[in-house]
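Participant: With the sequence up front, the predicted model follows.
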Amino acid sequence: MRILLTGAAGFIGGRIAGLLGEAGHDVVGLDVMLDKAHLPGATLPAGVRRADVRDPAALDPLLAGVDAVCHQAAMVGNGVDAQDLAGYAAHNDLGTAVLLAAMARAGVGRLVLASSMVVYGEGRYVCREHGEVPPLTRRAADLDAGVFDPRCPHCEALLSWALVDETAPIRPRSSYAVSKVAQEQYAAAWATLEAGRCVALRYHNVYGPDMPADTPYSGVAAVFRSALERGAAPQVFEDGGQMRDFVHVDDVARANVVALERVGEHDVGVAAYNVCSGQPRSIAQMAGALADAFGGEQPILTGRHRAADVRHVVASPAAAVDGLGFTAAVPPEQGLRTFAHAPLRPTR
Ligand code: UD1
């Protein structure tokens, strides 16, 4: 297949480009080289053109003869600064809308979209008495007292986490999350108009070689890895019991290749899948495994907390197995062992 890959110079896009090439696909790569992800003057990888997905004139010739689009280009991070609101809307919302319009002009009807577990907001929770419930927003008094799990809206009992599947309510909590929901919804509107087929891959916590080093936009694995490299101890927030699913970038890249190969078998519309290892770990476990593998300072449980953080997001991998035949191959401990010594992407 001939595939237009946006964000082809990025941490995940670069890995997808390599794997698509190995699988015998023809890749047309583009990247705008955002300064939050790339150092000024960074060179484009071979075969990748500098282009902005918001530029229809750049897209039209690149889409000629393309069978499917793999849309990874996005401003990432968790939307911690209100000054970034317009950037998320411009790069992610508008960029996707312009790309979809160009796909319609070119008659390209297959899309694989990089989505995120952030569309769910908080994960899924169960009350012993009331069953599955939407959790109450965590109270400052609880957090200050070291009570980190959210409470039941009916009886205020502390809740237990459950697996999040793709039918979980969409409850974005940050500007980045809002833009990821918007991307899925623009894709749905495009699919209705154009009889298009889209697979939206909801990535959980991606890590691996070439991950951007510690910036306000980096996920926790890069933050801990950068601390270890500085000779510092990873600072674990809350009590370290927050659960996540750490999925290796090689698995994420493979999920994209499989999705591109199988998106045409899907019904018209958007099919969303969690992309995860299926082996949840707590933040303290992840920090410990990384510190051991690095041979560095042991993590410190700080008890500190960040207002915007969600407590647990634990993915169900079942739908991706059924719908794509995708199962992650890299268990967290194995992936973290190699990540401990892998190069990070320099950032400013
Ligand atoms: C992260 C990404 C989000 C992405 C999602 C899925 C960021 C900032 N967040 O969300 O954009 O879509 O994964 O791939 O890029 N923590 C510490 N110490 C630290 C930093 C964080 O203990 O120094 C803890 C946090 O309190 C949190 C957990 O680690 O409980 C995960 O943090 P983080 O990776 O920043 O955010 P996610 O919500 O998992």
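Facilitator: Looks like it came in fine. Nothing here was measured: the structure is a model prediction, and the numbers come from that model.

Participant: Quick check: buried residues in the helix or strand that contains Ala189?
Facilitator: In this assignment (DSSP states H and E), Ala189 forms part of helix 175-194. The neighbour-count check on helix 175-194 (16 or more other CB atoms under 10 Å) flags 175-184, 186-187, 190-191, 194 as buried. From N, CA and C alone the C-beta is placed, and that goes for glycine too.

Participant: and these near the ligand, which?
Facilitator: With CB under 6 Å from any ligand atom as the criterion, the subset of those in contact with the ligand comprises Tyr176.

Participant: what does the helix holding Ala189 contact?
Facilitator: Among residues not part of helix 175-194, those counted as contacts by CB atoms under 8 Å, 6 or more residues apart in numbering are 71, 74-79, 82, 84-85, 88-89, 91-93, 96-97, 100, 103-104, 109, 111, 113, 115-116, 118-119, 121, 170, 172, 196-198, 200, 268-270, 272.

Participant: circling back: which of the buried residues of helix 175-194 sits closest to Ile3?
Facilitator: Ala187 (16.4 Å; CB to CB).

Participant: hang on, the earlier thing: show only the entries of the contacts of helix 175-194 found in strands.
Facilitator: Counted as lying in strands by DSSP state E, out of those, are His71, Leu111, Leu113, Ser115, Ser116, Arg197, Cys198, Ala200, Gly269, Val270, Ala272.

Participant: which residue sits closest to Ala289, ignoring its sequence neighbours?
Facilitator: Leu336 (4.7 Å; CB to CB, 6 or more residues apart in numbering).

Participant: and if you look at His130?
Facilitator: Spatial nearest neighbour of His130, excluding adjacent residues (CB to CB, 6+ apart): His154 at 4.8 Å.

Participant: List the contacts of the helix or strand harbouring the residue nearest to Ala289.
Facilitator: Element membership for Leu336 (DSSP H and E) is helix 332-339. Contacting residues not belonging to helix 332-339 are listed as 207-209, 211, 221, 225, 246, 248, 277, 279, 281, 286, 289-290, 293 [CB under 8 Å, 6+ apart].

Participant: Pull out the buried positions in stretch 283-303.
Facilitator: For stretch 283-303, a neighbour-count test (16+ other CB under 10 Å) marks 283-291, 293-294, 296, 299 as buried.

Participant: no wait, stretch 232-241
Facilitator: Of the residues in stretch 232-241, those scored as buried under the neighbour-count criterion (16+ other CB under 10 Å) are Ala233, Pro234, Val236, Phe237, Glu238, Asp239, Gly240, Gly241.

Participant: Name the residues that touch that stretch?
Facilitator: Outside stretch 232-241, the residues within contact range by CB under 8 Å, 6+ apart are 143, 146, 148, 223-224, 227-228, 282-285, 287, 290-291, 296-306, 309, 311.

Participant: now the angle from the helix holding Ala189 to strand 110-116?
Facilitator: Using axes from the mean of the first three to the mean of the last three CA atoms, to 10 degrees, one finds that helix 175-194 and strand 110-116 are set 160 degrees apart in direction.

Participant: Report the rounded mean pLDDT for helix 175-194.
Facilitator: Rounded to a whole number, the mean pLDDT of helix 175-194 is 97.

Participant: Run the chain-centre distance for it.
Facilitator: Between the centre of helix 175-194 and the centre of its chain there are 15 Å (CA atoms, centre = their mean, to the nearest Å).

Participant: CA atoms only for that helix, dumped as CSV, please.
Facilitator: Included here for helix 175-194 are C-alpha records, laid out as CSV according to Å, rounded to 0.1, in the frame of the first residue of the first chain:
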residue,chain,number,x,y,z
SER,A,175,-7.1,20.9,26.2
TYR,A,176,-5.1,18.1,24.7
ALA,A,177,-7.8,15.5,25.6
VAL,A,178,-10.5,17.8,24.1
SER,A,179,-8.4,17.9,20.8
LYS,A,180,-8.1,14.1,20.7
VAL,A,181,-11.9,13.7,21.1
ALA,A,182,-12.3,16.3,18.4
GLN,A,183,-10.1,14.4,16.0
GLU,A,184,-12.1,11.3,16.5
GLN,A,185,-15.4,13.2,16.0
TYR,A,186,-14.2,15.0,12.8
ALA,A,187,-13.2,11.6,11.5
ALA,A,188,-16.7,10.4,12.2
ALA,A,189,-18.2,13.3,10.4
TRP,A,190,-15.9,12.7,7.4
ALA,A,191,-16.7,9.0,7.4
THR,A,192,-20.4,9.8,7.2
LEU,A,193,-20.0,12.2,4.2
GLU,A,194,-17.4,10.1,2.3
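
Participant: Show me what from this protein comes close to the ligand.
Facilitator: 76-78, 116-118, 176, 203-206, 217-220, 223, 235-238, 242, 244, 283, 306, 309-310.

Participant: Go through these and flag which are in helices.
Facilitator: The members of the residues of the chain next to the ligand that map onto helices under DSSP state H are Tyr176, Val220, Val223, Ile283.
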